[in-house]
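Colleague: Provide a 3D model corresponding to the input given below.
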Amino acid sequence: MTHFLDIDATSSADLRKILNSAQMMKSARAGRPKGMPDDETPLAGHIVALIFEKPSTRTRVSFDVGVRQLGGQTMILSGTDMQLGHGETIADTARVLSRYVDLIMMRTYDEDTLHEMAEYATVPVINGLTNRTHPCQIMADVMTFEEFHGPIAGKKVVWSGDGNNVCASMIQAAGQLGFDFTFTGPGTLDPVAELLGDARKKGAKISIERDPHKAVQGADLVMTDTWVSMHDSQSSRERRHNQLRPYQVNAALMQTAGPQAVFMHCLPAHRDEEVTSEVMDGPQSVVWDEAENRLHAQKAIMRHCLGL
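Modeller: Numbering: from 1, shown residues only. Below is the predicted model of the structure:
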């Protein structure tokens, strides 16, 4: 059973195969209408369950379109549709869904929910996001970087802001794909120490620098994410803004990084909070390519999981 649960749970060789497959499929679709199937439709006759406990725009649309382009069908289920773990155990839900569908993508809060689904499902399970990690996003990010800068191995990636779930997956990728990673942000929002240690053990150069301008010197990629969640209270939002304001990605920070640096944000962005509109819409931003590449990367992930 080939699941896609985390970057560090997938071998470096398989990650590279997924990235190469994504780029090939993207190139093959050049100029084609979005609703037209790929030349190869390996998901023909397959049904993919897309489960969303958390709201989504990019993950929902990109997986749905991706399945259709590969010739398959989707079944979109929300947390309210299913009452995951309430009326029925996760394990029993996994067993039942496996009798109806060929693949499960799950976007949920608790990582334990995802792992229980994968443990008891008899079809592959893909992590569409948990509170801990977001591996599909990072596959799109690496794909995007390599389109502009070539192989990411040995390059310098800087994350500015909150050491959240997207940051966590990027740290895992540093260990698996061999690039340098620097975190700059307040100490109270540092990434999980275990993740940093695991990446270092794999030979990645991992550092923390509190001064954002020192951190981005010589960066090839500067990344950030929203400072707040839709579920945060007003007091929590204000506290986070006060902590993170010095780590805003703005024109001055990108100038310090240098003209070689590209900027990424997984979206949705709170413009002029974690990043200015000047940077978002500026010449170093590749956020729209990054968003598009969610589609291509996830198509490659699905093919990998199903061995197609």
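Colleague: pLDDT weak spots in the protein?
Modeller: 83, 85, 230-232 (pLDDT under 70).
Colleague: which stretches of it form helices?
Modeller: 12-28, 58-69, 79-82, 90-98, 111-120, 135-149, 165-177, 193-201, 212-215, 234-244, 251-257, 277-280, 287-306 (DSSP state H).
Colleague: So which of those helices is the most surrounded?
Modeller: Among these, helix 165-177 has the highest mean neighbour count (mean count of other C-beta atoms under 10 Å), at a mean of 25. Any C-beta I mention is one placed from the backbone N, CA and C, and that applies to glycine too.
Colleague: on that earlier part again, kindly reformat the helices of the chain as CSV containing distance to residue 52.
Modeller: Formatted as CSV, the helices of the chain follow (distance: least, C-beta to C-beta, whole Å):
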stretch, distance to residue 52
helix 12-28, 22
helix 58-69, 6
helix 79-82, 7
helix 90-98, 14
helix 111-120, 13
helix 135-149, 13
helix 165-177, 16
helix 193-201, 25
helix 212-215, 34
helix 234-244, 24
helix 251-257, 34
helix 277-280, 26
helix 287-306, 14
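Colleague: So for residue 158, which of those helices sits nearest?
Modeller: Of all those, helix 212-215 sits nearest to residue 158, with 5.3 Å by C-beta to C-beta.
Colleague: What is that closest one packed up against?
Modeller: Judged by 3 or more C-beta pairs under 8 Å, 6 or more residues apart in numbering; DSSP states H and E, helix 212-215 is in contact with strand 156-160, strand 180-184, helix 251-257.
Colleague: would you list those in JSON lines and tack on distance to residue 267?
Modeller: JSON lines is the format used below for the helices and strands packed on helix 212-215 (distance: least, C-beta to C-beta, whole Å):
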{"stretch": "strand 156-160", "distance to residue 267": "16"}
{"stretch": "strand 180-184", "distance to residue 267": "20"}
{"stretch": "helix 251-257", "distance to residue 267": "18"}
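Colleague: closest to residue 61 out of the ones you listed?
Modeller: Here strand 156-160 is closest among these (C-beta to C-beta), at 25.4 Å.
Colleague: just the angle between the closest one and helix 165-177, please?
Modeller: Here strand 156-160 points in a direction 160 degrees away from that of helix 165-177 (axes from the mean of the first three to the mean of the last three C-alpha atoms, to 10 degrees).
Colleague: Could you list the paired strands of strand 156-160 along with their orientation?
Modeller: strand 180-184 (parallel), strand 221-224 (parallel) (DSSP bridges).
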